[in-house]
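J.: sharing a model that was predicted from the sequence below.
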Amino acid sequence: MAESENTGTKVAVRRIVLFGAFGSGNLGNECTLQSLLYHIRQSVPRAEVSCICTGPEETEETYKIPASLIKEVPLPPIENRTLRSLRKIVLGVPVELYRWSKAIARLKGADMLIMTGTGMLSDFGISPFGLHYEILKWTVAAKLCRCRVIFLSVGVGPLRHPVSRRLVKSVLSRADYRSYRDQFSKRYLESIGFDSKNDEVYPDLVYSFPQAMLPNKPTTAQRVVGVGLMTYSNRRGAASDDTLYRRYISKLADFVVWLLHKKYTVRLLIGDVVYDDQARHDLKALIRERTGDYNFAEILDEPAASVGDVLSQIAATDFVVASRFHNVLLGLLSDKPVLALSYHEKVEALMVEANLGEFCQDIESIDLPKLIEQFSLLEEQSSQIKQRLEQDAKARRAALDRQYDHIFRTSAEPSYGTLQTASTNGDGSAALGRERPL
């Protein structure tokens, strides 16, 4: 209970804990967090909000909320395999028991643990005994503390490791509420033996980013193409071989050179301030090599350092050609005709749901002539595509408003009963959320 400043009376304050890979430089994840925080503060303005994340210092500084590390008491890496095994035997069990006790203490008295976004339920760059185990630990800790566990518009799969599949199914089975950001996720869970038929499908939370904070396109005579980069290794996100990466950057450089010859201005876009610098530098080096003259007036390269930066840069484009999921998503949210170079099934699912499936290629096998043909068709259909994207964004925003209402407003009192999963329509879309798949 907290004391009211005006009356001195006791008022109930709900405690909501958010969980995800926040504060570590991924601008898409930060956009998800900003969207969720905004709607919590709109729906439950007196809530005490905190975060369990990968970058607690950055999260606390940026959002002015308490934050703690997902994995408390991280042990320093040891290269020697024998010493590493010995440490696991001697310190592993007691340290892990201490981490469990810290997780339980952290969630004691919390009403709601919300997990969303950040690719947490796939295995791109995630091992079974890394984040997937941590999600299980925090989920079980929440249930021990009688704290409701919410998986909100999450993406799921693929999960290639059998242990990851077991862990993810285990945590989802313990949730009080589950919704997925696309039909792919729901169908994927069914394919690995998890009963998701009564779960909901709502858009990605980024579609609920505050509309007033979306920048307008500046007036300019330039035709600007935003080219989104990523330092891509392979389907598992493991940097063991750079062959695929070099091929991807080479194809992208050829495409940018073609755009320059067609008198487009190119705006380089990134989605991760930590990992995407290499791709920027390598791409520019190849462009210099191919053209012999790198014209900074024709290639705009001002690396984004915040969500506001990347939104402003996308707003200043006419078209977006991108690889990172959230560069693609923010392009769609900003009503930009988008061409995706997909590194993951979630990108393809996003493009299909936006009725732009024909404007998508696999990042590992880019066909340059086809890419040029797709871009030309995208430009030809740009007016119709923009109108459709604007209508879709409104529908998705309205659907997410209904989901927030269901999660927060209908359970506004600090003491409430079990949060029931809403019924679904025959096609699997949420009866409370929307009337048709978006």
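T.: Arrived safely.
J.: and the host helix or strand of A105, which residues are buried?
T.: A105 belongs to helix 93-107 when elements are defined using DSSP states H and E. For helix 93-107, a neighbour-count test (16 or more other C-beta atoms under 10 Å) marks V95, R99, W100, K102, A103, I104, R106, L107 as buried. The C-beta positions use only the backbone N, C-alpha and C, and glycine is treated the same way.
J.: how about the last one, what does it touch?
T.: By that I understand L107. V17, L113, W138, A141, A142, C145, C147 (C-beta atoms under 8 Å, 6 or more residues apart in numbering).
J.: can you redo those as TSV with neighbour count?
T.: Formatted as TSV, the contacts of L107 follow (neighbours: other C-beta atoms under 10 Å):
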residue	neighbour count
V17	22
L113	26
W138	24
A141	23
A142	26
C145	17
C147	23
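J.: can you tell me which of those residues are in helices?
T.: Among the contacts of L107, DSSP state H puts W138, A141, A142 in helices.
J.: can you lay out the residues you listed as a markdown table showing distance to S153 and pLDDT?
T.: Formatted as a markdown table, the ones in helices among the contacts of L107 follow (distance: C-beta to C-beta, whole Å; pLDDT from 0 to 100):
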| residue | distance to S153 | pLDDT |
| --- | --- | --- |
| W138 | 18 | 97 |
| A141 | 23 | 97 |
| A142 | 19 | 98 |
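J.: flag the least confident of the buried residues of helix 93-107.
T.: The lowest pLDDT within these belongs to V95, which sits at 82.
J.: how about the helices in the stretch 51-200 of the chain?
T.: 56-63, 81-87, 93-107, 133-144, 162-173, 183-191 (DSSP state H, counting those that start in this stretch).
J.: and the ones you listed, which one's lowest on average pLDDT?
T.: Looking at the helices of the stretch 51-200 of the chain, the weakest mean confidence is helix 81-87, a mean of 65.
J.: what's the longest helix along the chain packed up against?
T.: Ranked by residue count, the top helix of the chain under DSSP H comes out as helix 382-407. Contacts defined by 3 or more C-beta pairs under 8 Å, 6 or more residues apart in numbering; DSSP states H and E place helix 382-407 against helix 27-43, strand 148-154, helix 325-333.
J.: how does it look with 10 Å?
T.: Helix 382-407 sits against helix 27-43, strand 148-154, strand 177-180, strand 200-201, helix 325-333, with contacts defined as 3 or more C-beta pairs under 10 Å, 6 or more residues apart in numbering; DSSP states H and E.
J.: got JSON lines for those, with mean neighbour count and distance to I126 too?
T.: Converted to JSON lines, the helices and strands packed on helix 382-407 look like this (neighbours: other C-beta atoms under 10 Å; distance: least, C-beta to C-beta, whole Å):
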{"stretch": "helix 27-43", "mean neighbour count": "22", "distance to I126": "13"}
{"stretch": "strand 148-154", "mean neighbour count": "24", "distance to I126": "13"}
{"stretch": "strand 177-180", "mean neighbour count": "25", "distance to I126": "18"}
{"stretch": "strand 200-201", "mean neighbour count": "26", "distance to I126": "23"}
{"stretch": "helix 325-333", "mean neighbour count": "27", "distance to I126": "15"}
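J.: now render those as a markdown table, adding mean pLDDT and distance to A395.
T.: Below are those laid out as a markdown table (pLDDT from 0 to 100; distance: least, C-beta to C-beta, whole Å):
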| stretch | mean pLDDT | distance to A395 |
| --- | --- | --- |
| helix 27-43 | 96 | 16 |
| strand 148-154 | 97 | 15 |
| strand 177-180 | 97 | 16 |
| strand 200-201 | 94 | 13 |
| helix 325-333 | 97 | 12 |
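J.: quick one, which of those is nearest to A398?
T.: helix 27-43 (13.0 Å; C-beta to C-beta).
J.: now for the closest one, which elements pack on it?
T.: strand 15-20, strand 48-53, helix 56-63, strand 112-115, strand 148-154, helix 307-315, helix 325-333, helix 382-407.
J.: just the CA coordinates of the shortest one, formatted as PDB?
T.: Same thing as strand 112-115. C-alpha atoms of strand 112-115 as PDB (Å, rounded to 0.1, in the frame of the first residue of the first chain):
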ATOM      1  CA  MET A 112       1.900  -9.400 -13.000                       C
ATOM      2  CA  LEU A 113       5.100 -10.600 -14.900                       C
ATOM      3  CA  ILE A 114       4.800  -9.600 -18.500                       C
ATOM      4  CA  MET A 115       7.000 -11.200 -21.100                       C
END
